[in-house]
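Participant: Attaching a predicted model along with its sequence, questions to come.
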Amino acid sequence: MQSISNPALTACNLNSLQLKNRLIKAGTFENLSPNGRPGRDLLNFHSEIARGGAAMTTIGYCAVENAGRLNADMLCMHEDYREDIRDLVQGIQELGCKVSGQMGHCGAFSKNHTLDGRPKGPRGGLNLLGFAEGMWFCDAMKLSDIESLVNAYGEAAKFMKSVGFDALEIHFGHGYGLCQFLSPLTNNRKDNYGGSVENRLRLPLRVLAAVREAVGDDFPIIGKISMSEGRRGGIRLEDSIDICRALDKAGIDAIITSSGTSTMNPMLMFRGDSILPSLLRYEKNRFMRLILRLMGRKMFPAMPFHDMYLLEHAKRIRKAVKCKMIYIGGAVSGENFKHILDVGFDFIQLGRSLLADPDLPTKLAEKPGYTSRCNHCNQCVGTIASPLGIHCPQFFDGARS
Ligand SMILES: Cc1cc2nc3c(=O)[nH]c(=O)nc-3n(C[C@H](O)[C@H](O)[C@H](O)COP(=O)(O)O)c2cc1C
């Protein structure tokens with residue numbers, strides 16, 4: 001009997017880009033770019049995903065400028081790395097997989113010691129990430145800093161298109177730079193960039209316009225947002241519906257509806273077992289280890305996982321916008337994928353399922369109901385800081401080829 005193929009394996013366009021199926025590897029910061037230069041291991045990591053059959057992979061956290069890096073081992077979209085980044089992108093494409101680059105900027109928190117001065121965000125104060133490393137404070141951005149940030153996004157977009165990326169994903173979520181402007185918790189500015197949701201959207205929309213101008217109308221631009229920060233006074237679902245409507249109106253091609261923030265509430269994004277044990281396993285800074293021991297249980301509580309845990313909220317956004325929608329969050333099986341597409345989403349991003357099971361799309365072709373072997377233990381999260389770079393500790397044998 002001929003097997004019925006899973007609808008997630010059908011082709012679909014994203015702007016002018018044709019994707020061979022609906023499965024996209026989500027951005028998961030790989031930490032395989034020592035001193036910011038993409039290494040052979042980064043190509044091998046994404047080659048494994050490409051050979052596994054995903055239509056597109058996302059290079060996690062491509063900083064748009066040095067000031068946008070959380071640490072000095074993050075990729076930076078800069079001329080100095082042109083050939084290495086071009087080789088990385090081409091190497092993946094040769095395996096039949098498209099490549100998206102996640103445009104990131106950390107804004108007010110950073111432990112990047114190569115930074116010129118303090119990190120900058122919508123307001124000044126403590127630098128939550130750099131504190132343990134002696135980078136205690138961040139500064140409020142002046143209007144001239146805002147202009148130069150918009151320019152940095154435009155220049156990075158031009159650079160990324162010129163080295164061959166097939167799509168760009170602007171990070172508007174997870175508490176990073178643009179999210180700090182969107183969130184009333186981190187943005188208390190009194191000028192045109194703070195206050196009402198229109199004002200808080202001003203910088204993110206200017207960034208989108210600069211990226212669009214740099215890449216042209218037919219190039220796919222995706223935005224990743226946090227539907228909720230899960231903190232009193234932070235972004236709520238209702239705000240994120242307004243935010244997505246504005247991005248849609250401004251011409252974004254697709255929106256990914258994530259949740260939570262890396263600093264305040266990461267478990268909202270992951271769900272499952274606490275990430276604390278794995279953070280402790282790899283954290284080298286003694287002060288940071290102490291903070292993790294004292295506050296980690298409260299900061300990273302285990303949260304019940306269920307398949308497609310962000311779907312109900314994401315459906316509200318699906319109804320509110322016309323652009324394409326990319327579901328993310330606990331999509332683990334052929335049945336999940338079918339359901340997500342049935343309720344109106346166009347693509348599915350997979351993070352942990354592909355870390356545990358890089359060839360999930362191929363397995364799905366053989367068995368339309370295949371379920372990923374990821375058990376959301378979240379031990380992969382701490383491996384970002386491991387010498388091997390990101391991996392699933394349960395199934396990775398330590399070799400990348
Ligand atoms: C180890 C790890 C690293 C991650 N790094 C990033 C990142 O660099 N950028 C980002 O937007 N999300 C990052 N995420 C979040 C994922 O993209 C995704 O939103 C989350 O894992 C939920 O999707 P999943 O259930 O398919 O794993 C990371 C997740 C994991 C597990």
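Facilitator: Okay, I see it.

Participant: mind listing the helices for this structure?
Facilitator: Counting by DSSP state H, the chain has helices at residues 40-51, 82-93, 143-162, 177-182, 197-215, 237-249, 267-270, 276-282, 286-299, 311-320, 334-342, 352-356, 360-366.

Participant: Quick one: closest of the ones you listed to residue 389.
Facilitator: helix 40-51 (6.1 Å; Cβ to Cβ). Quick note: C-beta positions are derived from backbone N, CA and C, even for glycine.

Participant: Around the ligand, which positions in the protein sit nearby?
Facilitator: 26-29, 60-61, 102, 171, 174, 224, 258, 269-270, 328-331, 350-353, 380-381, 384, 390 (Cβ under 6 Å from any ligand atom).

Participant: if you set the cut-off to 5 Å instead, what comes out?
Facilitator: Residues of the chain lying near the ligand by Cβ under 5 Å from any ligand atom: 26-29, 60-61, 258, 328-330, 350-352, 380-381.

Participant: Out of those, which two sit at the greatest distance?
Facilitator: Farthest-apart pair in these is 61 and 330; separation 21.3 Å (Cβ to Cβ).

Participant: Out of these two, name the residue with the larger neighbour count.
Facilitator: Set side by side, residue 61 and residue 330 show more neighbours around residue 61, with 26 against 23, by other Cβ atoms under 10 Å.

Participant: my guess is the more buried one meets residue 77, correct?
Facilitator: No. Residue 61 is beyond contact range of residue 77, at 10.8 Å (criterion: Cβ atoms under 8 Å).

Participant: So the one residue in the chain that gets nearest to the ligand versus residue 271, what's the distance?
Facilitator: Residue nearest to the ligand within the chain (Cβ to the nearest ligand atom): residue 351, separated by 2.8 Å. Distance of residue 351 to residue 271, computed by Cβ to Cβ, to the nearest Å: 11 Å.

Participant: the more surrounded of the two?
Facilitator: Higher neighbour count among residue 351 and residue 271: residue 351, with 22 against 19, using other Cβ under 10 Å.

Participant: which residues does the more buried one contact?
Facilitator: Contacts here follow Cβ atoms under 8 Å, 6 or more residues apart in numbering; on that basis residue 351 touches 25, 26, 27, 28, 328.

Participant: can you count the residues close to the fourth one?
Facilitator: When you say that, I think you mean residue 28. 21.

Participant: try the last one
Facilitator: For residue 328, the tally of surrounding residues (other Cβ under 10 Å) stands at 24.

Participant: So what sits opposite it in the bridge?
Facilitator: Under the criterion DSSP bridges, residue 328 forms beta bridges with residue 349.

Participant: For it, which residues are in contact?
Facilitator: Per Cβ under 8 Å, 6+ apart, neighbours of residue 328: 26, 224, 256, 257, 258, 310, 348, 349, 350, 351.

Participant: Whichever of those end up buried, select them in PyMOL.
Facilitator: In PyMOL, a selection of the buried entries from the contacts of residue 328 looks like this (16 or more other Cβ atoms under 10 Å):
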select buried, resi 26+224+256+257+258+310+348+349+350+351
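
Participant: List the ones among the contacts of residue 328 that fall in strands.
Facilitator: 224, 256, 257, 258, 348, 349, 350 (DSSP state E).

Participant: Quick check, residue 146 in contact with residue 192.
Facilitator: No. Residue 146 is beyond contact range of residue 192, at 9.6 Å (criterion: Cβ under 8 Å).

Participant: Surely residue 391 and residue 379 touch.
Facilitator: No. Counting by Cβ under 8 Å, residue 391 stays clear of residue 379, with 9.5 Å between them.

Participant: Comparing these two, which residue is more hemmed in?
Facilitator: Here residue 391 and residue 379 are set side by side on neighbour count (other Cβ under 10 Å), and the busier one is residue 391, at 21 against 18.

Participant: quick one: pLDDT of that one?
Facilitator: The model reports residue 391 with a pLDDT of 95.

Participant: quick one: it from residue 35, how far?
Facilitator: 21 Å.

Participant: And residue 42, by the same measure?
Facilitator: Taken as Cβ to Cβ, the span from residue 42 to residue 35 is 13 Å.

Participant: if you count what's nearby, which of these two comes out ahead?
Facilitator: Using other Cβ under 10 Å as the criterion, residue 42 and residue 35 rank with residue 42 on top: 25 against 11.

Participant: Name the nearest residue to that one, sequence neighbours excluded.
Facilitator: residue 32 (3.9 Å; Cβ to Cβ, 6 or more residues apart in numbering).

Participant: Show the model's pLDDT score for the closest residue to residue 89 other than its chain neighbours.
Facilitator: Spatial nearest neighbour of residue 89, excluding adjacent residues (Cβ to Cβ, 6+ apart): residue 164 at 4.4 Å. pLDDT recorded at residue 164 is 98.

Participant: Now for residue 164: which residues touch it?
Facilitator: Residue 164 makes contact with 86, 89, 90, 93, 99, according to Cβ under 8 Å, 6+ apart.

Participant: Residue 272 now?
Facilitator: Contacts of residue 272 by Cβ under 8 Å, 6+ apart are 302, 303, 305, 375, 376, 377, 378.

Participant: In ChimeraX, select just the buried ones from these.
Facilitator: Selection of buried members from the contacts of residue 272 for ChimeraX, criterion 16+ other Cβ under 10 Å:
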select :303,305,376,377,378
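
Participant: In the contacts of residue 272, find the pair that's most separated.
Facilitator: Among the contacts of residue 272, 303 and 375 lie farthest apart (Cβ to Cβ), at 14.6 Å.

Participant: Residue ranges in this protein under the pLDDT threshold?
Facilitator: Regions of the chain meeting the criterion pLDDT under 70 cover residues 1-4.

Participant: same thing but at 90, please
Facilitator: 1-5, 39, 113, 115-116, 128-134, 263-265, 284-285, 287-288, 387, 395-401 (pLDDT under 90).

Participant: Residue 178 reaches residue 207, doesn't it?
Facilitator: Yes. Contact criterion Cβ under 8 Å: residue 178 and residue 207 qualify, at 6.3 Å.

Participant: Find residues that contact each of the two.
Facilitator: With Cβ under 8 Å, 6+ apart as the test, residue 178 and residue 207 both reach residue 170.
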